[in-house]
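Q: the sequence and its predicted three-dimensional model are supplied below.
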Amino acid sequence: MDNSTVEKVHILIIGSGPAGYTAAIYAARANMKPVLYQGIQPGGQLTITTEVENYPGYPNGVQGPDMMIDFEKQATRMGADIRYGIATKVDFSAQPYKVWIDDEKLIEADAIIISTGASAKWLGLESEQRLNGYGVSACAVCDGFFFKGKEVAIVGAGDTAAEEALYLSKLCTTVHMIVRRDQMRASKIMQERVLKAPNIKVYWNSETEEILGDKKVEGVIIKNNKTNVKQTIPISGFFVAIGHQPNSEIFKPWVEMDEAGYIKTIPGTTKTNVEGVFAAGDVQDKTYRQAVTAAGSGCMAALDAERYLSAKGHI
């Protein structure tokens, strides 16, 4: 690659959810001239949610996509350089670090904030995608409130699925829990709580065949793997809790991760094992996964990066 096409920046932010945009706001106000690439899903997971009611400062709630537009506008107003583009390859072997955008443009950065987020795993049904945001959700804590007093279904068998089923059981009349095998992966204590809850009905050895409804979720067809018997359950909400996948693949050769691919950060900081590379938001947080905690860690990453760049004499 011809060096004349290389762009040098102080700080590069990869990803554009609450973590990335908040990092951009802080970095721009500190005069670090941040460049942010929005990635494959500008605005992140919030762009596929509808109403957000639990983010402070929006007393009447806000649509997820609208909130991300607000974040982007604020970052732009502060002077952040926000661009379309996907980071496709990185080289953290020497400073300045190299990041390729869309396989062609090369950026060299003194510091990098990774805020590429995570993506919910889906079942892969056409009806699931069509009704996403119209009764289908991958976040019970975000959307459970809208199904107060109604019947819902949840798919999954791990701790997250168990936690979300219990959360929904406090709001909904009945929670139909669809489990693929004859047992759950969740911890013993979580399983016991689910099985003791009077309004959680567990369907063992069961798979989701189809989510029913034209404009909104009206029911689900499930099939028992052992007997092949199908049944239709009338529901208003369908929750998918089969896990999340952190968007961390391109960083694997360089940055330490756990077995699920979440980037490891030094506790109490956003620092990774690579000096000058920081991680914020859902790409490093498998516990909370909320917009407000992602934004908080984006702020931390910008402050950590500012201290790092100052100490190195870059700013």
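A: Thanks, I have it.
Q: may I see the buried residues of whatever helix or strand Glu192 lives in?
A: Secondary structure from DSSP states H and E places Glu192 in helix 188-196. In terms of neighbour count (16 or more other C-beta atoms under 10 Å), helix 188-196 has its buried residues at Met190, Gln191, Arg193, Val194. All C-beta atoms are positioned from the backbone trio N, CA, C, and that covers glycine.
Q: check these and tell me the two furthest apart.
A: Using C-beta to C-beta, the pair of these lying farthest apart is Gln191 and Arg193, separated by 7.3 Å.
Q: what do these two both touch?
A: Taking C-beta atoms under 8 Å, 6 or more residues apart in numbering as the criterion, Gln191 and Arg193 both touch Ala162.
Q: how far away is the residue nearest to Val179 when sequence neighbours are not counted from Ile211?
A: Closest residue in space to Val179, ignoring its immediate chain neighbours: Ala157 at 4.7 Å, by C-beta to C-beta, 6 or more residues apart in numbering. Separation of Ala157 from Ile211 (C-beta to C-beta, to the nearest Å) stands at 19 Å.
Q: between these two, who's got more neighbours?
A: Each of Ala157 and Ile211 has its neighbours counted (other C-beta atoms under 10 Å); Ile211 has more, 26 against 22.
Q: give the buried residues for the helix or strand where that one lies.
A: Per DSSP H and E, Ile211 falls inside strand 206-212. The neighbour-count check on strand 206-212 (16+ other C-beta under 10 Å) flags Ser206, Thr208, Glu210, Ile211, Leu212 as buried.
Q: residues of the lengthiest helix in the chain that come out buried?
A: In the chain, taking DSSP state H as the definition, the longest helix is helix 291-312. Across helix 291-312, burial judged by 16+ other C-beta under 10 Å covers 291, 293-306, 308-309.
Q: CA atoms only: put it into CSV for me.
A: Extracted in CSV, the C-alpha atoms of helix 291-312 (Å, rounded to 0.1, in the frame of the first residue of the first chain):
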residue,chain,number,x,y,z
ALA,A,291,-27.1,1.4,27.2
VAL,A,292,-26.2,3.4,30.4
THR,A,293,-23.4,1.1,31.4
ALA,A,294,-22.0,1.1,27.9
ALA,A,295,-22.1,4.9,27.9
GLY,A,296,-20.3,5.0,31.2
SER,A,297,-17.5,2.7,30.0
GLY,A,298,-17.2,4.8,26.9
CYS,A,299,-16.5,7.8,29.1
MET,A,300,-13.9,5.7,31.1
ALA,A,301,-12.2,4.7,27.8
ALA,A,302,-11.8,8.3,26.6
LEU,A,303,-10.4,9.4,30.0
ASP,A,304,-8.0,6.4,30.1
ALA,A,305,-6.9,7.2,26.5
GLU,A,306,-6.4,10.9,27.3
ARG,A,307,-4.1,10.0,30.3
TYR,A,308,-2.2,7.6,28.1
LEU,A,309,-1.8,10.0,25.2
SER,A,310,-0.7,12.8,27.6
ALA,A,311,1.9,10.6,29.3
LYS,A,312,3.2,9.6,25.8
